[in-house]
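**Q** Need the 3D shape of this:
(2 chains)
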2 protein chains.
Amino acid sequence: MSAIKPLLALSALLCLPSASIQAAQCSDQADTFMSASASAPETLGWMQGSPPAADRRVKLADGSFFKFPALRYSVAHMNEFLPTTLVKRRNTTPTSLEYALDEDIESLSFTPWGRQEAVDLQQALSETYTDGMLIMHKGKVIYERYFDGFKDYDRHLLMSMTKAVTGTLALDLIKRGKIDESQLISHYIPELKNSGFGDATVEQVLNMTTGIDFDENYADPKSEIWVFSAAGNPLPKPKGYQGPTGYYEYLPMVQKQGEHGKGFHYLTANTEVIGWLIARVTGMSVADYLEEKVWSKIGMERAALFQIDEYGTPFSGGGLNASLRDLARFGELIRNNGRFGDEQILHPDVVADISGGGHYPAFAEPLDDSMASWSFRSMWWVTGNENKAFMARGVHGQSLYIDPAQDLVIARFASHPVAANQANDCISLPLYEHIVDYFAKHER
Amino acid sequence: MSAIKPLLALSALLCLPSASIQAAQCSDQADTFMSASASAPETLGWMQGSPPAADRRVKLADGSFFKFPALRYSVAHMNEFLPTTLVKRRNTTPTSLEYALDEDIESLSFTPWGRQEAVDLQQALSETYTDGMLIMHKGKVIYERYFDGFKDYDRHLLMSMTKAVTGTLALDLIKRGKIDESQLISHYIPELKNSGFGDATVEQVLNMTTGIDFDENYADPKSEIWVFSAAGNPLPKPKGYQGPTGYYEYLPMVQKQGEHGKGFHYLTANTEVIGWLIARVTGMSVADYLEEKVWSKIGMERAALFQIDEYGTPFSGGGLNASLRDLARFGELIRNNGRFGDEQILHPDVVADISGGGHYPAFAEPLDDSMASWSFRSMWWVTGNENKAFMARGVHGQSLYIDPAQDLVIARFASHPVAANQANDCISLPLYEHIVDYFAKHER
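**A** Below you'll find the model as predicted:
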C-alpha cells in the first residue's frame, strides 16, 4: 500500500465531510498547534542543505508531505513531489493589476464566532495560517500581503477551489448549448452507463446531488477513498497492483447509494466526472481547456500547474496550483460577469446562475446562523445573503470570496493544520463579512 | 529494474561519448526515420483523448517516453512525467525582446558536411528535427520560428545545455573569489574525499579532465550508468532497492580511473559535482541559485523547470527546461559579457575565460577539420575559431551558439531521433557558420 499512500492525503482530505468538525473548533487553538510564524517553512528549514538533513526532508513516500507543519512547504511546491501539467498564460506580457492600496484596512477588528474577544486583521490572518491574502475592490488591489515565506511569484495548491474553476468551465459550456444540463451524464460518457452515475443528470453531478457510494473509512484499505487515491496517483503502480489506473478507470466503478437529486452530498468524485464531461465535449483535458478558454485570455501573470494521474488526466476536483494574483484575476473575471476588458470570456448567464445558488442547504449543522442560507451550485458555495456573495472553498483555508454587490473579490491561501474548513470559518467568514462592511462604509 | 528505467534514457543519453557516431552519419537520413512533420506530436496524437488510447500514451514506466517519436512530445512536457522544481522569473512583467526580423535569411543555402547538394534553411531545420530556432543579432531578434507544434510559451528540455548554465554559475563564483579553482573539490565537499573525485581540483572537474570510472555498458545492470540513473530517479525507490538515493549519495561512490588533468573526458557526473559545489558554497540548490542570480534578474519571460532527484537536488548536468526566448536571453547575457542593461550580473571576467577555451581537444575524431580546434571550458564547447565562438550543446540537437565577434546568438531546440550530436552537427554546425557569414556580409 506504500506506493498508494502519497496521494491519499491530497485527494482524501479534499473529500472531508463538511460538518465533521463542530462549533467547538471555534475556540482559540493557539495551544494545540505550532503558531503560523513558528511553522513557517523557512524557519523550519524544510529541504534546506545539500543534501537536506533526514529530518528536514519533506517526504512524498510516507505521506508526511501533506501533514502539518511540512504541509506548509508542500502547498507551495507540489511540483517537487508529483508530475504536473502546465496551464500556460501564453501571453508575453501579463496585464498589470491596478493598485489603490488602503492601509486603513489593517486596523479592522472583529469578534470571531464563538469567541468573546475581538481580533485585528493581522491576528485573524495569523490564527488562520494565512499564506497570502489579496483584496480587490472595484477592480483595484486594495490589500495584498504574503506571509511565512510564501511569495507573489509562488504557486499555491487551490485544493477544492479547483472545483469552482472546473464547475465554471462546465456551466459556460451548458450556457453555450454544448452540454444539456438535463441530459444523463452517461449520454456524454457512455463508460459511466453501468456505474452509480449511470442514471444521474449532468445537473445532479454538477451540483453534487448524486447519491453515490463513497466510503471515507481510512481504516478499511478497501474503502473507496483508497481506491480513488490509488487510481489518481500518477506514479507507476506497485507490482501486483490490481486496482484501476487513472480517474477514468476509477469513475465507472463507483456504485450508487440512495437516490440522485435528493440533497447535497459533497463528494469529489462528482467533480472528476464533470472534468471528464468537459474533456469529452471539448476534446481537451480540463487543464488544456482552462488554458485555451481562460488562462491565456485574461492577462494571467504565471503559468498554473495541474496535478495529474498516470495518463495525464487533471485532478479536476483539487489539483490546480496558481499564484494569488492569478486566483484574484479569476475572481475578477467572475465578478465582472465573465468579462475581461471588452471581451466576454464566459457566457453572460454563467455568474447570475451561480450566485442564484442551488436547491439544497449546504450545511446540515451550520456553525453560525448566517450559514443556514448557504447552498452549492456548479461547484461554488453560495451564501444566499442579500449581496448574493459566493465562494470557492478548499480545505486548510483556501478561499475565493466574491461579493458582486460590493464589487469585492477576496483571494486567500492558507495552510491551517486542520484540513476541514470549520477550523477556519469561525474566523475567516466573519472576517470576509467585516471586509464587505468596511467597503460598504468607506465609499470609494 | 523497472522502476529504475524511466530516467535511464534521460540521464544516460546525456553521457553518450561524443565520438560514438562517425562521419558516416553525415549522409541524408530521410529513409531511416519518420520525417519531422510526420513525427509532429499533434500529428501522432500523443496523449489526446479522454483517456488517450493505449497506443497514444507516452509512458514513463517503460522508458518509451524518451524514444523517438514519443520523445518529440516528452521534450516539451517533462513535468508531466516527473517531479520538477521551478526556477521562477519573479518579475511581474518580463522585459520584451526587441525585434528586427529579417526575412532574407530564409533564402540562405549551404552544403552540409559530407553531402554534395545544398540545402536551404527550411530544409536544414526540418532535417535536424528543429522544434524552434531564434537568432539574435546585436541584441535584436532577427529570426524566430517554431515547428511541429512547439510554441514560444512551451518549455523544452535543454539536456546537456544545462551544463553550460551550471558551469557559468560556478565560474562566476570562482571569479568572485567564493571558490578557489585550484583547490581540491574535497576541500568544499568532504563527502567526496574517498571517492574518485577526492584528489581532483575544482578546475579539473569543471573542465571534465578528471579520470573517473563511469561505465556506460547498458547491458550490464551493475554499470555506473544504471546506478547513476537509479540514484537520480525522483520516484520512490522500489522495494528492496539497495543502491544510492540521490546524486549526493551516488557521487561519493564514483571511483577513479586513470589520472586527473590528462585529457578531456565528457562525463555528466562531473557536472553533478559542480552543482553540489555551488549548493555547498551558496547554501542554495543550483535551481534556487539560478533563480536568485540570473532568472529573476534578466527579464525572463517564463518560469523554467528543473528535473530533480528524490531529495529535490537539481539534475545539474541535464535537467533544465526553458522557453526558447529565455534560452536566447541567457545567451544574450553571455554575449553581453555578463551584463543585462546597466547591471553587471556575472563577473566581467567570466565570458572571456570561457571563450578562451580549455587545454585539451574536445574531439578525438572530429567530423570536420573545423572541429579540430574545439575544446571544453567550464561546461561550454569552445570552437577556437577566429571569432572566439562557443556553444552550449545537448543531445538530440540542442544548441546555443554564441559568436561574440559578430554579436550573434543562435538558440535552437530539436528532437532528432539520434541522441548523439554528430547526427545534427553535419548540418547544424555549417548552418551556424553560414548564419555568421550572412551577418558578416549584411552589415546592419
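**Q** pLDDT value on A:Ser225, please?
**A** Check again: residue A:225 is Ile, not Ser. For A:Ile225, the model assigns a pLDDT of 79.
**Q** So it: helix, strand or coil?
**A** Following DSSP: H, G, I helix; E, B strand; the rest coil, A:Ile225 is assigned to helix.
**Q** any idea how far it is from A:Ala231?
**A** 11 Å (CB to CB, to the nearest Å). Quick note: C-beta positions are derived from backbone N, CA and C, even for glycine.
**Q** of these two, who's got more company?
**A** Shown here are A:Ile225 and A:Ala231; by other CB atoms under 10 Å in any protein chain shown, A:Ala231 has more neighbours (25 against 20).
**Q** Just give the closest residue to the more buried one, not the sequence neighbours.
**A** Closest residue in space to A:Ala231, ignoring its immediate chain neighbours: A:Tyr250 at 3.7 Å, by CB to CB, 6 or more residues apart in numbering or on different chains.
**Q** Can you name the next helix or strand after the strand or helix carrying that neighbour?
**A** Element membership for A:Tyr250, per DSSP states H and E: helix A:247-250. Sequence order places helix A:269-282 as the next helix or strand after helix A:247-250, per DSSP H and E.
**Q** wait, what's in contact with the most centrally placed residue in chain A?
**A** For chain A, the residue sitting closest to the mean C-alpha position, by CA atoms, centre = their mean, is A:Met161 at 1.7 Å. For A:Met161, the contacting residues are A:320, A:327, A:392-394, A:398-400, by CB atoms under 8 Å, 6 or more residues apart in numbering or on different chains.
**Q** Quick one: find the helix or strand in chain A with the lowest mean pLDDT.
**A** helix A:13 (a mean of 44; mean pLDDT, DSSP states H and E).
**Q** Quick one: distance of the helix or strand following it to the chain centre.
**A** Using DSSP H and E, the helix or strand that follows helix A:13 in sequence is helix A:41-44. Its chain's C-alpha centre and that of helix A:41-44 lie 25 Å apart, by CA atoms, centre = their mean, to the nearest Å.
**Q** Check which helices and strands the helix or strand just after helix A:41-44 sits against.
**A** Elements were assigned by DSSP H and E; along the chain past helix A:41-44, the next helix or strand is helix A:70-74. Using 3 or more CB pairs under 8 Å, 6 or more residues apart in numbering or on different chains; DSSP states H and E, the elements in contact with helix A:70-74 are helix A:41-44.
**Q** Show me what counts as buried in the helix ranked longest in chain A.
**A** In chain A, with assignment by DSSP state H, the single longest helix is helix A:422-441. Residues of helix A:422-441 classed as buried: A:422-436, A:438-439 (neighbour count, 16 or more other CB atoms under 10 Å in any protein chain shown).
**Q** hmm, back to that, separation between the residue nearest to A:Ala231 and A:Gln257?
**A** Using CB to CB, we find A:Tyr250 at a distance of 16 Å from A:Gln257.
**Q** for A:Phe264, same thing?
**A** 15 Å.
**Q** who has more neighbours, these two?
**A** In this view A:Phe264 and A:Gln257 are compared by other CB under 10 Å, and A:Phe264 has more residues nearby, 21 against 13.
**Q** what residues are up against that one?
**A** The contact partners of A:Phe264, by CB under 8 Å, 6+ apart, come to A:207-209, A:358, A:360-362, A:375-376.
**Q** residue ranges with poor pLDDT in the stretch 101-250 of chain A?
**A** Applying pLDDT under 70 to the stretch 101-250 of chain A flags residues A:216-218.
**Q** As a check, name the ranges of all helices in it.
**A** A:121-127, A:161-175, A:185-188, A:202-206, A:224-232, A:247-250 (DSSP state H, counting those that start in this stretch).
**Q** Buried deepest among the ones you listed, which one?
**A** With neighbours defined as mean count of other CB atoms under 10 Å in any protein chain shown, those peak in mean count at helix A:161-175, which reaches a mean of 26.
**Q** how many neighbours does A:Gly149 have?
**A** A count of neighbours around A:Gly149, defined by other CB under 10 Å, yields 16.
**Q** what's A:Ser74 in contact with, if anything?
**A** A:58, A:65-66, A:81, A:157.
**Q** do that again at 6 Å, thanks
**A** Residues in contact with A:Ser74 (CB atoms under 6 Å, 6 or more residues apart in numbering or on different chains) are A:58, A:65-66.
**Q** Can you tell me how far the nearest residue to A:Asp403 once chain neighbours are set aside is from A:Thr95?
**A** Excluding its sequence neighbours, the residue lying closest to A:Asp403 (CB to CB, 6+ apart) is A:Ala389, at 4.3 Å. Distance, A:Ala389 to A:Thr95, using CB to CB: 25 Å.
**Q** what about those two, which has more around it?
**A** Of the pair A:Ala389 and A:Thr95, A:Ala389 is the one with more neighbours under other CB under 10 Å, namely 22 against 15.
**Q** For chain A, what lies in contact range of chain B?
**A** Residues of chain A lying close to chain B (CB under 6 Å from any CB of the partner chain) are A:47, A:50-51, A:61, A:79-81, A:83-85, A:88, A:90, A:93, A:153, A:235-236, A:248, A:279-280, A:311-312.
**Q** give me the number of residues near the closest residue to A:Ser126 other than its chain neighbours?
**A** Counting by CB to CB, 6+ apart, A:Ala36 is the residue found nearest to A:Ser126 once chain neighbours are left out, at 4.7 Å. By the measure other CB under 10 Å, the count of residues near A:Ala36 is 22.
**Q** how about A:Ala36, what does it touch?
**A** With CB under 6 Å, 6+ apart, A:Ala36 has these contacts: A:126, A:129, A:148.
**Q** Could you look up the SS state of A:Asn321?
**A** Here A:Asn321 takes the strand state, with states given by three-state DSSP.
**Q** who does it bridge with?
**A** A:Leu157, A:Leu305 (DSSP bridges).
**Q** Distance check, it against B:Leu400.
**A** Counting by CB to CB, the gap from A:Asn321 to B:Leu400 is 30 Å.
**Q** got the CA coordinates for stretch A:255-271 in CSV?
**A** Provided in CSV are the C-alpha atoms of stretch A:255-271 (Å, rounded to 0.1, in the frame of the first residue of the first chain):
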residue,chain,number,x,y,z
GLN,A,255,-21.7,2.5,-7.1
LYS,A,256,-25.0,4.1,-6.4
GLN,A,257,-26.2,4.7,-2.8
GLY,A,258,-29.5,6.3,-2.2
GLU,A,259,-31.2,8.5,-4.8
HIS,A,260,-30.0,11.2,-7.1
GLY,A,261,-31.4,14.7,-6.7
LYS,A,262,-32.5,14.4,-3.1
GLY,A,263,-29.9,16.5,-1.3
PHE,A,264,-26.4,17.9,-1.4
HIS,A,265,-23.6,15.4,-0.8
TYR,A,266,-20.1,16.8,-1.1
LEU,A,267,-18.0,14.2,-2.9
THR,A,268,-15.1,14.9,-5.1
ALA,A,269,-15.8,12.1,-7.5
ASN,A,270,-18.6,14.3,-8.9
THR,A,271,-16.1,16.9,-10.0
